[in-house]
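S.K.: build me a model from this:
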Amino acid sequence: MIKQVLTIAGSDSGGGAGIQADIKAMSANGVFALSVITAITAQNTEEVTDVFELPASIIAAQLDAVFDDFDIAAVKTGMLSSAEIIKVVVKMLKPQNVTNLVVDPVMVSKTGHLLLKSDAIDALKNELLPLALVVTPNVHEAQQLSGIEISTLADARRAAKVIHQFGCKHVLIKGGHLLAERATDLLYDGRFFNVFKGEYIDTPHTHGTGCTFASAIAAQLARGKSVPDAVQTAKAYLTEAIRHALAIGHGRGPTNPFYFLEG
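M.R.: Numbers count the residues shown, from 1 in each chain. Presented below is the predicted three-dimensional model:
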């Protein structure tokens, strides 16, 4: 029986990030992807031009539909955009006792468009993060969540400890943008740190990397891997997806989730 994994996130009309990237990455990592759309973005490789949040009632209805029918082994959240959306997602997830919840705290697009309202950050910290098995902030998001400026691994360690106090079981600070240690990710479980060093690939075509990484982690957790092993496997997958990134569009092209099908 193929494992079923749910993504709760916004739609990217450009296909490189959001729900579209999640579904591709989950499929590439050997699971069946289910989706609940929280918002629709008008987006391409250059910019986000508009955002429409779906009503809380239709988000709840989507969640009801998938949990009523499928045996969901893991859940990944992405763009939740508002406190109201975070609250309805939390309300619907709590009774399901989801053990494999990966929270990608999407705040700003790569092109600088705000994807999480400032008044929603408290709801993210206080209501959603306590349910998470893993939270996967990039450096910018980790700074926002922790209040600590990050430029080194030592800074990331301090920030991870602060974020862990919100109640999540693991904090994975993605170091793609760390100035001192590029392509190095830091995993903290409340006691120990794991450092995942990787190859830094110098390319502008990195649209959707955060979505892809978190979705691959969720897929690997659903398939029975431990958190460190899921992170290691997902990181290796992401590295190759970036190496084979697609120079399409006129801005930051997307990673290539099905790179292994080339040739």
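
S.K.: in the helix or strand hosting A234, what counts as buried?
M.R.: Element membership for A234, per DSSP states H and E: helix 227-243. Judged by neighbour count using 16 or more other C-beta atoms under 10 Å, the buried positions of helix 227-243 are 227, 230-235, 237-242. Glycine gets a C-beta too; all of them are placed from N, C-alpha and C.

S.K.: of those residues, closest to A180?
M.R.: K235 (18.5 Å; C-beta to C-beta).

S.K.: that closest one contacts F213, doesn't it?
M.R.: Yes: between K235 and F213 there is a contact at 7.2 Å, judged by C-beta atoms under 8 Å.

S.K.: between these two, what contacts are shared?
M.R.: Taking C-beta atoms under 8 Å, 6 or more residues apart in numbering as the contact criterion, K235 and F213 have no common neighbours.

S.K.: how about stretch 10-24 as CSV, C-alpha atoms only?
M.R.: What follows is stretch 10-24 as a C-alpha-only set of coordinates in CSV (Å, rounded to 0.1, in the frame of the first residue of the first chain):
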residue,chain,number,x,y,z
GLY,A,10,-0.9,27.8,-1.2
SER,A,11,-1.1,27.3,-5.0
ASP,A,12,1.7,28.7,-7.3
SER,A,13,0.4,29.4,-10.8
GLY,A,14,4.1,29.2,-12.0
GLY,A,15,4.2,25.6,-10.8
GLY,A,16,7.6,25.9,-9.1
ALA,A,17,6.7,26.3,-5.5
GLY,A,18,3.7,25.8,-3.2
ILE,A,19,1.2,23.0,-3.7
GLN,A,20,2.5,22.2,-7.1
ALA,A,21,6.1,21.7,-5.9
ASP,A,22,4.9,19.7,-2.9
ILE,A,23,2.9,17.3,-5.0
LYS,A,24,5.9,16.8,-7.4
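
S.K.: does E149 count as helix, strand or coil?
M.R.: coil (DSSP: H, G, I helix; E, B strand; the rest coil).

S.K.: burial count for it?
M.R.: A count of neighbours around E149, defined by other C-beta atoms under 10 Å, yields 10.

S.K.: I figured it hits A156, correct?
M.R.: No: with contact defined as C-beta under 8 Å, E149 and A156 do not form a contacting pair (10.7 Å).

S.K.: wait, a helix at G10?
M.R.: No: going by three-state DSSP, the assignment for G10 is strand, not a helix.

S.K.: list the contacts of it.
M.R.: Contacts of G10 by C-beta under 8 Å, 6+ apart are 18-19, 37-41, 51, 78-79, 81, 106, 115.

S.K.: filter the residues you listed to the buried ones?
M.R.: The neighbour count (16+ other C-beta under 10 Å) marks 18-19, 37-41, 51, 78-79, 81, 106, 115 as buried among those.

S.K.: give the contact list for S11.
M.R.: Per C-beta under 8 Å, 6+ apart, neighbours of S11: G18, I19, Q20, I37, A39, I40, T41.

S.K.: which pLDDT value belongs to it?
M.R.: In this model, S11 is scored at 97, pLDDT.

S.K.: going forward, the N-terminal residue is numbered 45.
M.R.: Sure, I'll start counting at 45 from here, so that last one is S55.

S.K.: quick one: which of the contacts of S55 sit in strands?
M.R.: I81, A83, I84, T85 (DSSP state E).

S.K.: and the gap between the second one and S125?
M.R.: Spelled out, that is A83. According to C-beta to C-beta, to the nearest Å, A83 and S125 sit 5 Å apart.

S.K.: please enumerate the shared neighbours of these two.
M.R.: Jointly contacting A83 and S125 under the rule C-beta under 8 Å, 6+ apart are G54, V95, E97.

S.K.: name the nearest residue to the first one, ignoring sequence neighbours.
M.R.: Excluding its sequence neighbours, the residue lying closest to G54 (C-beta to C-beta, 6 or more residues apart in numbering) is M123, at 3.5 Å.
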